[in-house]
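# Requesting a structural model of the entry that follows:
(2 chains)
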2 protein chains.
Amino acid sequence: MDIRRYLEQQRDLVDRFLESVHPSAQTQPITLHESMRYSLFAGGKRIRPILTLAAAESLGYRAPAILPIAASLELIHTYSLIHDDLPSMDNDDFRRGKPTNHKVFGEAMAILAGDALLTLAFELCSAPAYGDGLESSRRVQLIYELAVGSGHLGMVGGQVLDIQAENQDIDLPTLQTIHRHKTGMLIRAAVRMGAIAAGASAGQLADLTSYAEQIGLAFQIADDVLDVTGTKEELGKSPNADAQRGKKTYPTFYGVDGARKLADECVERAIHHLTSFGETADPLRDLARYIVARKN
Amino acid sequence: MDIRRYLEQQRDLVDRFLESVHPSAQTQPITLHESMRYSLFAGGKRIRPILTLAAAESLGYRAPAILPIAASLELIHTYSLIHDDLPSMDNDDFRRGKPTNHKVFGEAMAILAGDALLTLAFELCSAPAYGDGLESSRRVQLIYELAVGSGHLGMVGGQVLDIQAENQDIDLPTLQTIHRHKTGMLIRAAVRMGAIAAGASAGQLADLTSYAEQIGLAFQIADDVLDVTGTKEELGKSPNADAQRGKKTYPTFYGVDGARKLADECVERAIHHLTSFGETADPLRDLARYIVARKN
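Below you'll find the predicted structure:
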């Protein structure tokens, strides 16, 4: 299969869905909806929703009810970027080559746009309009996965650890804990939500969870490597931001080549966890490879 | 019935539940959980969860499954206070007689504690541990109510309108729109969630919704009046904060006596909507009266 073509098609699918459900910039309160749209439609790769779609597909599930579930992960991801970029957090001026949300709309609106996107994620997962083909008991399970993956013991917890580690002399286990939460838990939730929606057996869910944990790690290592090796054009922001911020990363501990090798090993392990899956899991396999090969 | 005693008992019930589910201050990440606890256990009156319990009780529903639903509303309310107090928003230094969250934990942690409380609300509503006695289809409905009431067209939308109205010469309909969203929608969700959990008929849900809309309005008018007439000790913050911030309020348009009369009329109408309910709705009736009689 052609992974770039697949990614493009799935991204279009997610984008069309998000466009169809997200309030227009003419809906009151106008500035709030403009601010939400500004970050949501800023050219994201939609990796998390695509993982949800691919995980469901690996078990033969393709019902339209998977789209709001997948989209909810992008809403959570987008809100986390808006809040992470705030002056009191990472204080970033650019994201994906564009001024960050608070630079355009001000801090108050950026905080509220984040809150609204976070809440909208749960609205999508529970909306009566999108329930067809998904049992209520599964929907409750999906909402729980989303809340746990993105909350105080998941993504938000990871962001707290990350902030606390700045300019600290952290060791490798601490770095791994930060990333397992900050990036890993939402990627894990994305894959598991696709699997749960598709009615995965306990064994299938365990395999897909192990796959997700490995690609989550690979994703973060690849991000750290890109921060060192990427150009401003590729990244849409200044390279070497981590070093300038005194952040320890995988290349700090392993060097760039060592980190790349580590990421490749994660991808191998991820794919190995899919051994019992047929070719319906090819998108998941190719996604794992893409995650370390990407340039941004 | 003795409303003060009732409020105390229900508040204890909610507090004990929150205490039992909220991560201790010793759970990693420690500072995050300290920050969340600081605001959650700052002496709130628990009006919203008590409304949920009372609405369910009015229909004879008292299963333990109502507690996480009720508690989720307090988590949302608490997160909204933390974010509203931030320097880029209302920039408040005190809340309930104590320094605001960001004054103690810093802005970054305050934003993240708010995000975590917001997410925890949805975790509680969907957790497998709390599903007994509540059908999954109802749980999905409850989650949807919570998301809509607190999101971009509900509470967050109201906060945006409120910020935009500061130092603006707004008219009465605009003031009403702000309050209907900022305060009203979450109170409406609180009552509706109790009703939905209890399996309300369409007619009962309509009556309880009308009740909720009237007490939501009464609550806001009473708040505006208290801001003018209350002492610093009663309010736990400086009085006349609205006027100093250039905010128009109900007393601005009606005077203090006129606003009080208006609030009383709302309470009358609220109680009138409960005509078809028996004495199981007495707590709701007394809560309506309490909302305008309270001193803080």
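
# got the CA positions of stretch A:175-184 in PDB?
Taking Å, rounded to 0.1, in the frame of the first residue of the first chain, the C-alpha atoms of stretch A:175-184 are listed here in PDB:
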ATOM      1  CA  LEU A 175      12.300  11.200  30.700                       C
ATOM      2  CA  GLN A 176      10.500   8.000  29.800                       C
ATOM      3  CA  THR A 177       7.800   8.500  32.400                       C
ATOM      4  CA  ILE A 178       7.200  12.100  31.100                       C
ATOM      5  CA  HIS A 179       6.900  10.900  27.500                       C
ATOM      6  CA  ARG A 180       4.800   7.800  28.400                       C
ATOM      7  CA  HIS A 181       2.200  10.200  29.800                       C
ATOM      8  CA  LYS A 182       2.600  13.400  27.800                       C
ATOM      9  CA  THR A 183       2.500  11.800  24.300                       C
ATOM     10  CA  GLY A 184       2.100   8.100  24.900                       C
END
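
# contact partners of the helix or strand harbouring residue A:264?
Taking DSSP states H and E as the criterion, residue A:264 maps to helix A:250-272. If you take C-beta atoms under 8 Å, 6 or more residues apart in numbering or on different chains as the criterion, helix A:250-272 is touched by A:172, A:175, A:210-211, A:214-215, A:217-218, A:220-222, A:224-225, A:228-229, A:249, A:285, A:288-289, A:291-292. Bear in mind the C-beta positions are built from the backbone N, C-alpha and C, glycine included.

# In that helix, which residues are buried?
A:250-254, A:259-260, A:262-264, A:266-267, A:269-271 (16 or more other C-beta atoms under 10 Å in any protein chain shown).

# Which elements pack onto the longest helix seen in chain A?
In chain A, taking DSSP state H as the definition, the longest helix is helix A:202-229. In terms of contacts (3 or more C-beta pairs under 8 Å, 6 or more residues apart in numbering or on different chains; DSSP states H and E), helix A:202-229 is packed against helix A:47-58, helix A:172-179, helix A:185-197, helix A:232-235, helix A:241-244, helix A:250-272, helix A:282-293.

# could those go into CSV alongside mean pLDDT?
Shown next, in CSV, are the helices and strands packed on helix A:202-229 (pLDDT from 0 to 100):
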stretch, mean pLDDT
helix A:47-58, 98
helix A:172-179, 95
helix A:185-197, 98
helix A:232-235, 78
helix A:241-244, 79
helix A:250-272, 96
helix A:282-293, 96
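
# on that earlier part again, now, the most widely separated pair of the buried residues of helix A:250-272?
Within these, two members stand farthest from each other by C-beta to C-beta: A:252 and A:271, at 27.2 Å.

# residue contacts, the residue found closest to residue A:156 once you drop the neighbours it is linked to in the chain?
Counting by C-beta to C-beta, 6 or more residues apart in numbering or on different chains, residue B:116 is the residue found nearest to residue A:156 once chain neighbours are left out, at 4.6 Å. Contacts for residue B:116 (C-beta under 8 Å, 6+ apart) come out as A:151-152, A:156-157, B:32, B:36.

# who wins for most neighbours among those?
Most neighbours among these, by other C-beta atoms under 10 Å in any protein chain shown: residue A:156, with 30 neighbours.

# Identify the residues contacting it.
By C-beta under 8 Å, 6+ apart, the neighbours of residue A:156 are A:150, B:32, B:112, B:115-116, B:119.
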